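Novice: coordinates only, sequence not included:
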């Protein structure tokens, strides 16, 4: 009994360092990890030991259309060449075999014109494989991920198990540290301007992901 | 897949597919202030394209005051040479926070293999890059292509070659039948030209019979060009020799004739007619009108991206003709054979595009009697002022008796200057070395120049003193971007033009080279073996670049606020390719200065 508890505590310790979440998500992840231990997705549930992070930006549009960008980066470089950008169409739209309705078309052009696919198991598992077990980072990550996780749950049966860094929270913490009595409204654009990040466009998901990565690098250097 | 501006060279050398590759393959990186981006000796993994921020290139082996050898800002590219050479020669440091796009080594090498022009861009000399710039500008100039790129062969007429025994009557019939203006005849191996004017003069003024063979009235001293030469050069030749047609010869074989009227219709824009107006001017007033239009011509040539060397040649020929005409209007013809008017300084080198102060002098034959010379020369100076050449503040003008003298007086002066070797004398020697005859008898100038060479070329001490001024102004490699007020710019005349012009002048004195233009001197020095051809070409291109930047600055200022001229170029206003060229050109100047110090032992001065 004691031995089982000890090993469970050790597991907990190991994960607390990487997963900065609540106990409930922790337990959920651990059970997921066991559940998928013999599936091809098993490796996604292993802790990540490398130096890369994934900057993630999602945008859900009307009638189920969904754009996502995942950009790997390290503390030194942002690997935009290795970026994953895709617009996913709900399967019923694709099944209708018709062209996109105007609002969908606009969404596609504005957010991720590079590639458009059907939202199904193949494409989602490709996205998940690209993200891998690297920690993910984004602005307002919980909100961003809700749509994606819903889709993942529906098609693959699990939500992203990765460690998460919410840039919004990080930024607020930094702001509070500097100006404890001011609570300025923040969004990604403001924060980028504040730290003089020279990106002019924030419209596409790729731009947002890149800006998030740059902002994170900035904030990390400020802390150092 | 990033949004990056690829509309600047070298990316313009790729096609759309290649640029798409670049966009897809680029990463981004952020560097903090004072962070080392690329260390000396480190293997190059990326080509860096700066999106924002400034990067300094530093040679860590040098003391800190001179260590900074380059400066890059937004839009500039660095790191390519490190990839080509395998490792970085210098250290690159972020001067400010810096966001760069990174082009991975593998992709860069792949692009180099696929696109030969892109490859050449990183491997070629400055001369090549400058040509790219000209070509790029040429694309911008609307009417340029037809004008500058036209070659003599494109505007050439079929030659009308006649038997030597053809008589005048037959020649006239043939001329009318073929609508030609001139005909060629062959006598033995020589070609001669007969114009319609010659035929008229022969019949009416000389009273020759119609049966007289045309070969008797032909001129056998032909002005020729090669078919591949620019039409522009043909125009220069016509202006210089005062003829209205040139014969096109390729490897001794007759190819055709280029007529002035054809050239002018080719260059039908008003500005190009200035040279014709100068030729036709019969009085001071019309000459003055033509003379005041030369800035317009310069502007038109520059706007169309004409290579500076040709533009300078044309302007030098034009200025020479204008001064020559002024001379003819003021000086009595009987003195022409025994006197020689020379222009000096930048005019003498033929490197003056806009009219600057007149620097001129007069050489007389030892036996010449010219009683009212002082008043004549005063009148000549005044005439030149009227024509738009402002008087020289140093009073180096024919109206000053110090700059008028017989050959033996000049010899004494030179001997005195060589002996004195003080600043003033050295300056006068420099001015005298650039002298170029524009009117009168050029033989007199040759004699004086020989004296100068006799004194100067062997005197190592004099050469050393003479060369010393090259080091007087520092070459502003370190000023890039770090000026307190960027609008002050860098002084391109002191930092770039002067060292090249003067250094080349010293070498020309040493090697007894009679050419006066710096570019010609460089050619001669390369021929002579004194300089490597490649280095001479690079120096020439550097000079052309400086002159051009300065000229553009001056033209802009002239149109903006009257006559205040400055030699300062504001680096921030240049395009990134131009900055790149300027940087490289200044390095060449630095290199040249080092060679000069070594050759003329200036280390201890």
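Specialist: Received it, and whenever you're ready, just let me know what you need. Here the structure is a predicted model, which means the values were calculated and not measured.

Novice: I'd guessed residue B:174 sits against residue B:166; true?
Specialist: Yes: taking contacts as Cβ atoms under 8 Å, residue B:174 lies within contact range of residue B:166: 7.5 Å. Just so you know, the C-beta spots here come from the backbone N, C-alpha and C atoms, and that holds for glycine as well.

Novice: burial of residue A:210, as a residue count?
Specialist: 27 (other Cβ atoms under 10 Å in any protein chain shown).

Novice: Give the other helices and strands that the strand or helix carrying residue B:18 contacts.
Specialist: Assessed by DSSP states H and E, residue B:18 sits inside helix B:16-25. Secondary-structure packing of helix B:16-25 (3 or more Cβ pairs under 8 Å, 6 or more residues apart in numbering or on different chains; DSSP states H and E): strand B:98-104, helix B:105-114.

Novice: Give me the next element, helix or strand, following that helix.
Specialist: strand B:27-31.

Novice: Okay, now the sheet partners of that following strand, with direction.
Specialist: With DSSP bridges as the test, strand B:27-31 is paired with strand A:77-78 (antiparallel), strand B:98-104 (antiparallel).

Novice: between those strands, which gets nearest to residue B:123?
Specialist: With Cβ to Cβ as the measure, strand B:98-104 is the member of the strands paired with strand B:27-31 nearest residue B:123 (16.6 Å).

Novice: mean confidence for the closest one?
Specialist: On average, the pLDDT along strand B:98-104 is 88.

Novice: Mind listing residues that contact it?
Specialist: Identification of contacts with strand B:98-104 by Cβ atoms under 8 Å, 6 or more residues apart in numbering or on different chains yields A:77, A:81, A:197-198, A:214, B:2, B:4, B:22, B:25-31, B:35, B:37, B:45-55.

Novice: Please check those residues and keep the buried ones.
Specialist: With burial judged by 16 or more other Cβ atoms under 10 Å in any protein chain shown, the buried subset of the contacts of strand B:98-104 is A:77, A:81, A:197, A:214, B:2, B:4, B:22, B:25-31, B:37, B:46-55.

Novice: mind checking the SS state of residue A:68?
Specialist: Secondary structure state of residue A:68, per DSSP: H, G, I helix; E, B strand; the rest coil, is strand.

Novice: Does anything pack onto the strand or helix carrying residue A:219? Which helices or strands?
Specialist: Per DSSP H and E: residue A:219 is located in helix A:205-223. Here helix A:205-223 touches strand A:53-60, strand A:66-73, strand A:77-78, strand A:136-138, helix A:167-178, helix A:188-194, strand B:27-31, going by 3+ Cβ pairs under 8 Å, 6+ apart.

Novice: I'd like those written out as CSV, with distance to residue B:312 and mean pLDDT added.
Specialist: Below are these laid out as CSV (distance: least, Cβ to Cβ, whole Å; pLDDT from 0 to 100):
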stretch, distance to residue B:312, mean pLDDT
strand A:53-60, 56, 90
strand A:66-73, 53, 91
strand A:77-78, 48, 88
strand A:136-138, 60, 92
helix A:167-178, 59, 84
helix A:188-194, 50, 84
strand B:27-31, 43, 87
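
Novice: can you list the domains in chain A?
Specialist: A:1-35, A:50-223 (automatic domain parsing).

Novice: Show me what from chain A comes close to chain B.
Specialist: With Cβ under 8 Å from any Cβ of the partner chain as the criterion, chain A meets chain B at residues A:76-83, A:85, A:114, A:196-198, A:201, A:206-207, A:210, A:214, A:217-218, A:221.

Novice: tell me the mean pLDDT over the helix or strand harbouring residue B:594?
Specialist: For residue B:594, the host element (DSSP H and E) is helix B:576-600. Taken as a whole, helix B:576-600 has a mean pLDDT of 85.

Novice: Check stretch B:202-216 too.
Specialist: 85.

Novice: continuing past the helix or strand bottoming out on mean pLDDT in chain A, what's the next helix or strand?
Specialist: Confidence across the helices and strands of chain A bottoms out at helix A:2-18, with a mean of 54, counting by mean pLDDT, DSSP states H and E. For helix A:2-18, the following helix or strand on the C-terminal side (DSSP H and E) is helix A:23-35.

Novice: what packs against that next one?
Specialist: helix A:2-18.

Novice: dump the residue contacts of the closest residue to chain A within the stretch 501-605 of chain B.
Specialist: Proximity of the stretch 501-605 of chain B to chain A (Cβ to the nearest Cβ) peaks at residue B:576, 16.2 Å away. Neighbour list for residue B:576: B:8, B:73-77 [criterion: Cβ under 8 Å, 6+ apart].

Novice: Now distance to residue B:494 too, for the helices and strands packed on helix A:205-223, in JSON lines please.
Specialist: Shown next, in JSON lines, are the helices and strands packed on helix A:205-223 (distance: least, Cβ to Cβ, whole Å):
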{"stretch": "strand A:53-60", "distance to residue B:494": "50"}
{"stretch": "strand A:66-73", "distance to residue B:494": "47"}
{"stretch": "strand A:77-78", "distance to residue B:494": "42"}
{"stretch": "strand A:136-138", "distance to residue B:494": "53"}
{"stretch": "helix A:167-178", "distance to residue B:494": "48"}
{"stretch": "helix A:188-194", "distance to residue B:494": "42"}
{"stretch": "strand B:27-31", "distance to residue B:494": "34"}
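
Novice: Adding distance to residue A:166, write the strands paired with strand B:27-31 out as a markdown table.
Specialist: Compiled in a markdown table, the strands paired with strand B:27-31 are given as follows (distance: least, Cβ to Cβ, whole Å):
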| stretch | distance to residue A:166 |
| --- | --- |
| strand A:77-78 | 19 |
| strand B:98-104 | 24 |
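
Novice: out of the domains of chain A, deepest packed?
Specialist: Across the domains of chain A, averaging neighbours per residue (mean count of other Cβ atoms under 10 Å in any protein chain shown) puts domain A:50-223 on top, at a mean of 18.

Novice: Go through the helices and strands packed on helix B:16-25 and pick out the most buried.
Specialist: Taking mean count of other Cβ under 10 Å, strand B:98-104 is the most buried of the helices and strands packed on helix B:16-25, at a mean of 23.

Novice: Now do the helices in the stretch 501-605 of chain B.
Specialist: Using DSSP state H, counting those that start in this stretch, the helices of the stretch 501-605 of chain B run over B:518-528, B:533-561, B:576-600.

Novice: Would you mind finding the most buried of those helices?
Specialist: Comparing the helices of the stretch 501-605 of chain B by mean neighbour count (mean count of other Cβ under 10 Å), helix B:518-528 comes out on top with a mean of 21.

Novice: just checking, what packs against that helix?
Specialist: Packing partners of helix B:518-528 (3+ Cβ pairs under 8 Å, 6+ apart): helix B:498-510, helix B:533-561.

Novice: thought residue B:76 was touching residue B:580?
Specialist: Yes: the pair residue B:76 and residue B:580 passes the contact test of Cβ under 8 Å, sitting 6.8 Å apart.
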